[in-house]
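J.: okay, structure incoming, though there's no sequence with it:
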Ligand SMILES: [Zn+2]
């Protein structure tokens with residue numbers, strides 16, 4: 001079930017336009033047995049099958065799979081170790097989010113969707129080379145105890161959630177927010193929301209929205 005989730009999520013990421021070719025990577029944790037399922041390194045998302053998925057323990061031991069795991073193996077594991085409530089990690093290379101990653105700037109929660117889903121600004125992690133333990137540490141640090149997304153300097157974005165749908169929702173909202181912020185800054189000075197307004201909307205989305 002989790003292997004299929006990763007295969008399907010790879011296609012979902014490709015079709016979302018948040019990543020091109022083989023960049024980006026995805027993982028999920030089964031809260032039932034704590035095993036982590038990851039995309040393989042450098043394989044086309046539209047051809048990956050369940051046999052290509054790599055399964056690992058939280059300590060990094062590969063327990064199943066014939067492929068080499070994603071190069072960002074340490075980043076995924078680091079997040080699961082630091083955040084027990086997180087069961088899905090989606091790392092993408094989206095166009096507008098990366099503009100702020102190149103600037104080493106945070107993206108403020110300046111629209112409804114961002115306030116409700118992101119709950120505050122999305123920070124940019126300090127620069128580290130791809131695939132390194134330093135990048136994993138920088139990412140975990142930028143996410144802190146409660147953030148659901150961060151930027152990787154000169155590299156991409158990381159979105160996390162209690163399940164895969166939540167991680168994808170965050171990834172999409174982050175990229176939309178980045179696009180609006182970049183274009184607003186290009187033609188004027190964006191008006192930001194107060195943190196109290198963001199808090200109100202974040203709480204509203206959790207407790208009073210929907211049926
Ligand atoms: Zn990457």
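T.: Arrived safely. All of these numbers come straight from a predicted model, not from anything done at the bench. Residues are numbered from 1 along each chain as shown.
J.: please enumerate the helices of this protein.
T.: All helices of the chain, identified by DSSP state H, fall at 2-16, 73-82, 95-103, 112-117, 133-143, 164-187, 195-207.
J.: what mean pLDDT does the last one have?
T.: In other words, helix 195-207. The pLDDT scores in helix 195-207 average 93.
J.: elements contacting it?
T.: Applying 3 or more C-beta pairs under 8 Å, 6 or more residues apart in numbering; DSSP states H and E, we find helix 195-207 packed against helix 112-117. Every C-beta, even on glycine, is put in place using the N, C-alpha and C of the backbone.
J.: and of the helices of the chain, who's closest to residue 57?
T.: helix 73-82 (9.0 Å; C-beta to C-beta).
J.: between the closest one and helix 133-143, how big is the angle?
T.: 40 degrees (axes from the mean of the first three to the mean of the last three C-alpha atoms, to 10 degrees).
J.: what residues sit buried inside helix 73-82?
T.: Going by neighbour count (16 or more other C-beta atoms under 10 Å), the buried part of helix 73-82 is 73-80, 82.
J.: which residues outside stretch 6-20 are in contact with it?
T.: 24, 26-28, 37-39, 45-46, 48-50, 52-53, 90, 92-94, 156-157, 164, 168, 171-172, 175 (C-beta atoms under 8 Å, 6 or more residues apart in numbering).
J.: circling back: any idea which of the helices of the chain gets closest to residue 124?
T.: helix 95-103 (5.9 Å).
J.: quick check, central residue of this protein?
T.: residue 159 (1.7 Å; C-alpha atoms, centre = their mean).
J.: tell me the bridge partners for that residue.
T.: With DSSP bridges as the criterion, residue 159 is bridged to residue 90, residue 149.
J.: residues in contact with it?
T.: 89-92, 148-149, 167-168, 170-171, 174.
J.: relative to residue 152, how far out is it?
T.: 11 Å (C-beta to C-beta, to the nearest Å).
J.: which neighbours do the two have in common?
T.: residue 91.
J.: hmm, back to that, now tabulate the helices of the chain in JSON lines and tack on distance to residue 61.
T.: As requested, the helices of the chain are exported to JSON lines (distance: least, C-beta to C-beta, whole Å):
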{"stretch": "helix 2-16", "distance to residue 61": "17"}
{"stretch": "helix 73-82", "distance to residue 61": "10"}
{"stretch": "helix 95-103", "distance to residue 61": "31"}
{"stretch": "helix 112-117", "distance to residue 61": "34"}
{"stretch": "helix 133-143", "distance to residue 61": "16"}
{"stretch": "helix 164-187", "distance to residue 61": "23"}
{"stretch": "helix 195-207", "distance to residue 61": "36"}
